[in-house]
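Chemist: Okay, here's the prediction I keep looking at, along with the sequence it came from:
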Amino acid sequence: AWSPDGKRIVSGSEDRTVQVWNARSGTTDRALCGHTKPVKSVAWSPDGNQIVGSGYDKMVRLWDAKTGNAGHVLQGHINVVCSVAWSFDSKHIVSGSRDMTVRLWDAQTGEAGPVLQGHNDDVC
């Protein structure tokens, strides 16, 4: 996923890391750690301040995009979290899981919001 300013890229991997890359040079700026299983999805907040990742550990994790410091760990899914996305104002995150739910999260407090149910299979 591209940073909002187009200068960096964030990627997730089977190696359980989220990597921040310099888009111009192709070099790694930093590795963001915390996931205990492979990373499935990553996204950069529209305001450029945070990075979110999700994966096979059933967690949604946040990092400060500038420092790389770990932020909130969002727990609630009971299966692989296949996708994450930000709200346009960078205040909320939405996640989709193989548990057939979509969950909303407050990115500032880490609090869980509504759980959307209605799918009959994985949500991606």
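Modeler: In hand now; what should we look at? Since this is a predicted model, take the numbers as computed values, not measurements.
Chemist: And the pLDDT for residue 124?
Modeler: The pLDDT attached to residue 124 in the predicted structure is 88.
Chemist: so who does it touch?
Modeler: For residue 124, the set of contacting residues under the criterion of Cβ atoms under 8 Å, 6 or more residues apart in numbering consists of 82, 83, 96. Placement of C-beta: from N, CA and C, glycine included.
Chemist: if we go to 10 Å?
Modeler: Residues near residue 124 by Cβ atoms under 10 Å, 6 or more residues apart in numbering: 40, 41, 80, 81, 82, 83, 96, 97, 98.
Chemist: excluding its backbone neighbours, what's nearest the first one?
Modeler: This points to residue 40. The shortest distance from residue 40 to any non-neighbouring residue, by Cβ to Cβ, 6 or more residues apart in numbering, is to residue 55 (4.3 Å).
Chemist: Help me confirm that the one you found comes into contact with residue 61.
Modeler: Yes - with the criterion set as Cβ atoms under 10 Å, residue 55 and residue 61 qualify as a contacting pair; they are 8.5 Å apart.
Chemist: any residues in contact with both of the two?
Modeler: By the contact definition Cβ under 10 Å, 6+ apart, residue 55 and residue 61 are jointly contacted by 18, 35, 39, 42, 81, 84.
Chemist: Pull the number of nearby residues for the fifth one.
Modeler: By the other Cβ atoms under 10 Å criterion, the neighbourhood of residue 81 contains 29 residues.
Chemist: Over to the fourth one?
Modeler: Around residue 42 sit 24 other residues, with neighbours defined as other Cβ under 10 Å.
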